[in-house]
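**Q** Provided below for reference: sequence and predicted model.
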Amino acid sequence: MKLVDRYLLRELVPPFFIGVLIFTFLLLMSQILRLMELIVNKGVDIGTILRLILYLLPSILVLTVPMSVFLATVVTFGRLSADNELTALKTGGFSLLRLSLPVAVFSVAAWALSSWLIISALPAGNQAFRVTMFEIVRTKASVGLSEKIFNDDFEGLVIYINNIPQSGNPVMEGIFISDARPEKRDPPGEPITIIAERGWLIADPASERIVFRLENGGIHLVSRDLTTYQHSDFRTHDLQLNIGDETAESLSLPKGLREMTFGELRAKIVEYRKLGVQQWAPLVEIHKKFSIPFAALILGFLGVAMGVLFRRGEKLVSFVLSIAVAIVYYVFLLAGEPLGKQGRLSPFWAMWSANIFFGAATVLLFRKVLAETRFTWPRLPGWRKSGRVGG
């Protein structure tokens, strides 16, 4: 590898890592704020929160790595152009296409990293996130019950338990429950009273439910105006516990087709075929696992062309430009994904239209900077009408 190639690679690395840190922090902020509520409302320790953030990182990095490649190339070639180093290198016999060789190597490395993240690390991280969140929910359900106290930690429920064994015996005795959850009554707001001799908590990781299994009791319903009364006895009754909207949202976050591996997605397609169900959704997810990492290859060269066009090379301008490109790119994804899953757009076009759009823009701009032709900018106040591109 020539000295100029090593020099360009060294120039690309610092802005790339700065971009990864900034973009990742911005995308993590909403998740961090929500996870902080677990510390305040659920008493979750800092170590568990840090593990949850670690599990979320693959789903964030798979988006920020391609954007950071674009930022790195825009900053690097913008500075080279502004400091006339690009002109000096061209004078020395290096064409812009030749100078893009280190960018190609850098982009391929970013593509490989993004592919590993979305294919392997993301499903594993989301699975670990889901299991940890379920354990938090299960622990809260266990510690949220105290004997001879009216417990109202569970949304819409008031639970009184006469005896909770302190040993390993999970069976609680003398249970009184007032269930005022609106979905349980019509009209809402009239509580159901449940009385049972004994009961115990059941945690089911497969269905992600916490169930209070009750035995030998009865369900009592009284109208608000006290004119009607209903009563039914049961041998066994399962009462699902609500843990709160914010935890339920976090718990359901990692579930879905987007977290499945290739093997699981292929199995889902086979399952859909047997059921006669449209297979658009898993096909969209398979295309996504290829299209998002491929963006690193396109955006790397797009950054070279735009870095030369923005000769001033200011880091703030480059960062704002990167944000704009990121917004446009992910608008394509956000718009295409539901259309693809609904069958209104083919899975290929749903997930690859962004890459095709930016790929065409890259070819157009690269032809301009290679030919050093005049490029006409939009006529906005304060903008120059046109300018010569290149070193």
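**A** Received it, and whenever you're ready, just let me know what you need.

**Q** could you use CA atoms for every contact and neighbour count after this?
**A** OK.

**Q** how far is the strand or helix carrying residue 161 from where the chain is centred?
**A** Using DSSP states H and E, residue 161 sits within strand 157-163. Remark: strand 157-163 is offset 38 Å from the chain centroid, using Cα atoms, centre = their mean, to the nearest Å.

**Q** which other helices and strands contact it?
**A** If contacts are counted by 3 or more Cα pairs under 8 Å, 6 or more residues apart in numbering; DSSP states H and E, strand 157-163 sits against strand 150-151, strand 172-179.

**Q** residue 55 contacts residue 132, correct?
**A** No. Contact status for residue 55 versus residue 132: not in contact, 9.6 Å apart, counting by Cα atoms under 8 Å.

**Q** which one of those two is surrounded by more residues?
**A** residue 55 (22 against 18; other Cα atoms under 10 Å).

**Q** what kind of secondary structure is the residue lying closest to that one once chain neighbours are set aside in?
**A** The shortest distance from residue 55 to any non-neighbouring residue, by Cα to Cα, 6 or more residues apart in numbering, is to residue 125 (4.4 Å). What DSSP: H, G, I helix; E, B strand; the rest coil gives for residue 125 is helix.

**Q** any idea how far residue 4 is from residue 125?
**A** Applying Cα to Cα, to the nearest Å, the value for residue 125 to residue 4 is 39 Å.

**Q** those two - which one has more neighbours?
**A** residue 125 (23 against 13).

**Q** quick one: residues contacting the more buried one.
**A** Counting by Cα atoms under 8 Å, 6 or more residues apart in numbering, residue 125 makes contact with 54-58.

**Q** quick check: residue 362 touching residue 305?
**A** Yes. Taking contacts as Cα under 8 Å, residue 362 lies within contact range of residue 305: 7.2 Å.

**Q** of the two, give the one with the bigger neighbour count.
**A** Comparing residue 362 with residue 305 by other Cα under 10 Å, the one with more neighbours is residue 305, at 29 against 21.

**Q** quick check: mean pLDDT of the helix or strand harbouring the more buried one?
**A** For residue 305, the host element (DSSP H and E) is helix 280-309. If you average the pLDDT over helix 280-309, you get 90.

**Q** helix or strand right after that helix?
**A** With secondary structure assigned by DSSP H and E, helix 280-309 is succeeded by helix 315-341.

**Q** next, the buried residues of the helix or strand hosting residue 360.
**A** Element membership for residue 360, per DSSP H and E: helix 347-371. Buried positions in helix 347-371, judged by neighbour count with 16 or more other Cα atoms under 10 Å: 347-355, 358-359, 362, 365-366, 368-369.
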